[in-house]
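Visitor: turn this into a model:
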Amino acid sequence: GCGTNWGWYAYDPDLNLIYYGSGNPSPWNETMRPGDNKWTMTIMARDADSGELKFGYQKTPHDEWDYAGVNVIMLSDQKIDGEDKKHLTHPDRNGIIYTLDRTNGDLVRADFLDDTVNVWTHVDMETGIPVRDPEYGTRMDHKGTDICPSAMGYHDQAHDSYDPEKELFYLAINHICMDWE
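Guide: The predicted structure is shown next:
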């Protein structure tokens, strides 16, 4: 049920925090590992000196699609409602682009990367948990067709960037769906 630490890392020298993601739980067969599989598919922030975990935000509890949430983590400072904010933005393979307050891990935004994302109906902004559409699940007694995104995800290990002058993110996006039986 564990998820490995691999992929992209970010560092904020002002907060002295290192940010990274953990991958998908295993085995892939989701019926063999009940529960949320805590700490998999999670954005973590750790103190660079002590290693103490400052926060963890799980993006896909009980990942059943192999979305492996270790993609790029972009740090940006943005002025919102006249106030300077420190953000962490993460386009995930699960089809959602997350924006967190990088000081404490609070969810600021969760938007679909593409209008064809169908594994989720929406993200509950109170809990931060994406709400599944069971039609696009991978359980053993069901053939899911046209599941979007595929296991490759709508965003994989591409290099992305943020332009602070234009306040725009530039992302490489996949548009691949799948059937699963």
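Visitor: let's check: the centremost residue of this structure is which one?
Guide: Asp92 (4.0 Å; Cα atoms, centre = their mean).
Visitor: what's near enough to touch it?
Guide: Neighbouring residues of Asp92 by Cβ atoms under 8 Å, 6 or more residues apart in numbering: 59-60, 67, 69, 71, 98, 153, 155. The way it works is simple: take the backbone N, C-alpha and C, and place the C-beta from them, glycine included.
Visitor: what do you get for Tyr19?
Guide: 9-12, 43-45, 73, 75, 88, 102.
Visitor: measure it to Met44 for me?
Guide: 7 Å (Cβ to Cβ, to the nearest Å).
Visitor: in contact with the residue of the chain positioned farthest from its centre, which residues?
Guide: Using Cα atoms, centre = their mean, the residue of the chain lying farthest from its centre is Gly82. It sits 27.6 Å away. If you count contacts by Cβ under 8 Å, 6+ apart, Gly82 has none.
Visitor: oh, and call the first residue 24 from now on, that's how I've got it
Guide: Taking 24 as the first residue, the last one we looked at is Gly105.
Visitor: pLDDT wise, what is it at?
Guide: In the prediction, the pLDDT value recorded for Gly105 is 86.
Visitor: for Thr54, see how far away it is.
Guide: Counting by Cβ to Cβ, the gap from Gly105 to Thr54 is 50 Å.
Visitor: same thing with Gly176?
Guide: 22 Å.
Visitor: more neighbours: which of these two?
Guide: Neighbour totals were compared for Gly176 and Thr54, and Gly176 leads with 23 against 11 (other Cβ atoms under 10 Å).
Visitor: SS state for the closest residue to that one other than its chain neighbours?
Guide: Closest residue to Gly176 apart from its sequence neighbours, by Cβ to Cβ, 6 or more residues apart in numbering: Arg116 at 2.5 Å. Of the three states, Arg116 takes coil according to DSSP: H, G, I helix; E, B strand; the rest coil.
Visitor: need the three-state assignment for Glu158.
Guide: Applying three-state DSSP: Glu158 is helix.
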